[in-house]
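Trainee: quick one, structure for this:
(one chain, ligands or ions: 1)
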Amino acid sequence: MIGFAELWGQWYATVAPIFMTYQQYLEKTKQRLIAPLVQKALPFIPPHSLVLDLGCGAGVETEALARLGHRVVVVDKEQASIELVRKRCQGLPVTCYQTRIENFDIPEKSFDVIIALQSLPFLNEKNFFRAIRSVESGIKLGGFMVMRLFGVNDDWVKKIG
Ligand SMILES: C[S@@+](CC[C@H](N)C(=O)[O-])C[C@H]1O[C@@H](n2cnc3c(N)ncnc32)[C@H](O)[C@@H]1O
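Mentor: Purely as a prediction, here's the structure:
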């Protein structure tokens, strides 16, 4: 049976992009529950992990992970996202970078977990595969990635073109 969190997530993934400005999108998404995919991954994240959130958006997953005791590094190109994450994660072990994913160097074997929820499809094909290789080399042995892309019928696809 599909849960409320999943329905909520699906609504944002499909309907929200059509009607909202980015600021409105952030205001709404900041209230949502942690993405089910990340929720499922939580038991597999060792305590005090170093996590990278690529394209953090409103920082829902960032805050949840930091409150669980993980150190989180976030990357987003939007100033509004970075400001929001800094605000909601005050006092938490979160480091923010306002930059493009394409320009962020992930040091080799540096992160336990890298998450990228609906952010990598915004990269062009060359940069997408470059980012995947960079993620691959940036994850420590035994670590993993949590990635969510778009389905072909997702409205984000229509928005990006
Ligand atoms: C659809 S939102 C998803 C946000 C968040 N991960 C979530 O699942 O709610 C995509 C996010 O990726 C960011 N983004 C898109 N392209 C980017 C790029 N090239 N570099 C950095 N961030 C990017 C956007 O600013 C936005 O915050």
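Trainee: what about Tyr22, neighbour count?
Mentor: 12 (other CB atoms under 10 Å). Glycine gets a C-beta too; all of them are placed from N, C-alpha and C.
Trainee: what sits against it?
Mentor: By CB atoms under 8 Å, 6 or more residues apart in numbering, the contact list for Tyr22 reads 78, 80.
Trainee: now do the one 4 residues further on
Mentor: Contact partners of Leu26, counting by CB under 8 Å, 6+ apart, are 57-58, 80-81, 84.
Trainee: quick one: contacts of the longest helix along the chain?
Mentor: Of all the segments of type helix in the chain, defined by DSSP state H, the longest one is helix 125-138. Helix 125-138 is contacted from outside by 52, 54, 101-102, 105-111, 114, 116, 120-121, 123, 145, using CB under 8 Å, 6+ apart.
Trainee: give the buried residues for that helix.
Mentor: Using 16 or more other CB atoms under 10 Å as the test for burial, helix 125-138 gives 127, 131, 134-135, 138.
Trainee: equivalent analysis for stretch 42-49, please.
Mentor: 45, 49.
Trainee: ok, stretch 89-109 next?
Mentor: 89, 92, 94, 96-98, 101, 104, 106.
Trainee: export the residues you listed to TSV and append columns for pLDDT.
Mentor: As requested, these are exported to TSV (pLDDT from 0 to 100):
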residue	pLDDT
Cys89	98
Leu92	98
Val94	98
Cys96	98
Tyr97	98
Gln98	98
Ile101	98
Phe104	98
Ile106	98
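Trainee: spell out which parts of this structure neighbour the ligand.
Mentor: 29, 55-58, 75-78, 81, 100-102, 117-119, 122-123 (CB under 6 Å from any ligand atom).
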